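K.L.:
Kindly return the folded structure for what I paste below:
(2 chains)
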Amino acid sequence: MTVTKTKELRRVIIEPVTRVEGHGKVSLLLDESNVVKQARLHIVEFRGFERFVQGRPYWEIPVLVQRLCGICPVSHHLAAVKAMDLIVGVDKLTPTAEKLRRLMHYGQMFQSHALHFFHLCSPDLLFGFDADPAIRNVIGVAIKFPDLAVQGVMMRKYGQELIKATAGKKVHGTGAIPGGVNKNLSVKERDAFLKDVDQMMKWSLGAVKIAKDYTVEHLQTLAPFGSFDSNHMSLVRKDGAMDLYHGNLRAIDSTGKKIFDQVDYQKYATYLAEEVRDWSYMKFPFIRSIGPENGWYRVGPLARINTCDFIDTPEAEKARKEFMAVTKNKPNNITMAYHWARMIELLHSMEKIQELLNDKDLQGKDLVLKGKRREEAVGMIEAPRGTLIHHYRVNQDDQVTMANLIVSTTHNNTPMNRAVQKVANDDLSGQKVITEGLLNHIEVAIRAYDPCLSCATHAMGKMPLIIELYDCEGRLIDSKATR
Amino acid sequence: MTAKRRGEARRRFLLVGYGNPGRLDDGLGPALAVQVEKLGIPGLTVDSDYQLTVEQAADVAGCDAVIFADADVSGPEPFGFREIQPTQATPGFSSHALEPEDVLALAHTMFKARTRGFALGIRGYRFNDFGEALSDEARKNLAAAVTFVEKTIRDGLSEWM
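P.N.:
Numbers count the residues shown, from 1 in each chain, chains lettered A, B, ... in the order given. Coordinates of the predicted model:
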């Protein structure tokens, strides 16, 4: 929904969008009857990382690119190192190296999904979208639902400790290196994690139940909320199983029909393209064969559950079947179902962690391989928020000469904008008074995607929430700021 | 050693040095953590991170007192040290980056802890550029802060608790 004549319209700004990663803003243009004429999610930060890394030696990249983000650095670490494996001529890692990387990745998925569900979105689900913002936050959850808050904290901590043990540090670790890893997991470290596995499994099963019960109980309200039919894309294993660490690309349409399948991700640029728009620093990717108008797609937990044929861990597979039954085994296009899908992935990650911790290969000593140097490679991984693409060219002097990164949230750019437009039309249009609760409806729809809008900043907690209201002449008539 | 001092030695302390080492003097908190950890002070656990996060509430709850150490853009030289109270206002934004008062509040609320909290602000001067080096002035302030933390923790924070 784009409007060219904006002078007669009233502008409402939500800036920054809260309880998401990074900084974004929403602008709404309303006419004199408060009907929404245009709704957009703007990404207002500029990264420029593709330029920063040019000229740097390739072996620095898996560490350097983590500076993109203080929230999911492991995803960038692993996507970059997967590309650099190929640059150093390694097509297949040693079992120890691959399993350690997978453990690091599942630890990342586990902590990220736990934090999002229990601390970022749960205030909306537990208190209601329109609840008093004074209680609709993490402290409110801690006061009213202390057991859940503690579970969220302890699950996040468990995942972070796994990252520390495999990557060397909780944030910006160095564990994965081109061709392998630089350490294994000691028996002492393994036993410390095994001690808490049963508790983590129990809480993971409980989290799936909470998300499922909430979604099913509120299905009538949630089904249309910010929802629309869309394409979906993710990596899947060769046999169609969900695989969060490695696989080939699969895209399906809203009915489940395959658009492409088992595409070697080295060829991603043949299948995907990106469009630039002048009002956002975030690009708009689309499937080339369909074009920019209808070729946009969703990624992340909802897309992954929709695209895979099955999950190879028993409890998560059982949960997936229950999830798919809601839409009679057709793709689920309900935006708010992202939360339930995310918790199924959390459970799957925990099952994988348990499986890996009991694998003696983690104590192996064969850590790194080398091969014949290559000059170009793509690394891809399913990050917590969706498919993450790192593409590099490296010259004979070992310097990076080209980098292209398509981060998970970028894939979801058009879907998030659609969700904002849908909620603005359904919930805000024509309202005489636009309350904070109503504006939160828009944020709830964005939050379902768990977007990471930029690298984390130290000053994040100090930024005020500003909502500005302009009249038809463009004059600021009201402004509210909260911490 | 007196009985009182033996009792103090059993106290558990946590030092959390936070900030972004890639933004010059913003790395003062993590730099302090590195230096203090090397001292091996009994009863002290040291943690370092880019920012404060919710799971640190669990670590805070497990100790008698916590010191949150951060770079300070405008505080006293070489550093400022004060006791903090759990926040009464609720964090309205993101739970990925919290203030020390918020982490303390989460520790008290979720884990029923009564941990005392302190904020150490080490004065820095250069923040608006990329680089992993501290300025000369910040390094001097860091040295003073390390000496202060060592003495204060070895004394069991006796002046404050």
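K.L.:
CA atoms for contacts and neighbours, from now on please.
P.N.:
Will do.
K.L.:
what's around residue 79, how many residues?
P.N.:
Using chain A. When neighbours are counted by other CA atoms under 10 Å in any protein chain shown, A:Ala79 registers 26.
K.L.:
my bad, the chain I had in mind was chain B
P.N.:
By other CA under 10 Å, 21 other residues sit near B:Phe79.
K.L.:
Equivalent analysis for B:Gly124, please.
P.N.:
For B:Gly124, using other CA under 10 Å, the count is 29.
K.L.:
Show me which helix runs longest in chain B.
P.N.:
Counting by DSSP state H, the longest helix found in chain B is helix B:136-154.
K.L.:
any idea which element the residue nearest to the spatial centre of chain B lies in?
P.N.:
The centre of chain B sits closest to B:Phe68, judged by CA atoms, centre = their mean, with a distance of 2.1 Å. Secondary structure assignment for B:Phe68, by DSSP states H and E: strand B:65-72.
K.L.:
can that strand be found next to chain A?
P.N.:
No. On the criterion CA under 8 Å from any CA of the partner chain, strand B:65-72 is out of touch with chain A, staying 10.5 Å away.
K.L.:
Buried residues in that strand, which are they?
P.N.:
Using 16 or more other CA atoms under 10 Å in any protein chain shown as the test for burial, strand B:65-72 gives B:65-72.
K.L.:
residues in contact with the residue nearest to the centre of chain B?
P.N.:
Neighbour list for B:Phe68: B:15-18, B:100, B:117-120 [criterion: CA atoms under 8 Å, 6 or more residues apart in numbering or on different chains].
K.L.:
who touches residue 129 in this structure?
P.N.:
Chain wasn't specified; assuming chain A. A:437-438, A:440-441, A:444.
K.L.:
oops, I was thinking of chain B
P.N.:
For B:Asp129, the contact set (CA under 8 Å, 6+ apart) comprises B:23-24.
K.L.:
residues contacting residue 49?
P.N.:
Just so you know, I chose chain A. A:65, A:68.
K.L.:
wrong chain, I was asking about chain B
P.N.:
Per CA under 8 Å, 6+ apart, neighbours of B:Asp49: A:170-171, B:16-19, B:30.
K.L.:
by how many degrees do the longest helix of chain B and strand B:65-72 diverge?
P.N.:
Calculated by axes from the mean of the first three to the mean of the last three CA atoms, to 10 degrees, helix B:136-154 forms an angle of 170 degrees with strand B:65-72.
K.L.:
what residues does helix B:136-154 touch?
P.N.:
For helix B:136-154, the surrounding residues in contact (CA under 8 Å, 6+ apart) are B:9, B:13, B:25, B:28, B:31-32, B:35-36, B:39, B:41-42, B:44, B:77-79, B:122-125, B:158.
K.L.:
And stretch B:74-85, by the same measure?
P.N.:
By CA under 8 Å, 6+ apart, stretch B:74-85 touches B:72, B:100-101, B:104-105, B:116-124, B:140-142, B:144-145.
K.L.:
sorry, back to before: for A:Lys169, see how far away the residue nearest to the centre of chain B is.
P.N.:
Relative to A:Lys169, B:Phe68 is positioned 19 Å away (CA to CA, to the nearest Å).
K.L.:
Same check on A:Met201?
P.N.:
24 Å.
K.L.:
Show the buried residues in the contacts of stretch B:74-85.
P.N.:
For the contacts of stretch B:74-85, buried by 16+ other CA under 10 Å: B:72, B:100-101, B:104-105, B:116-124, B:141-142, B:145.
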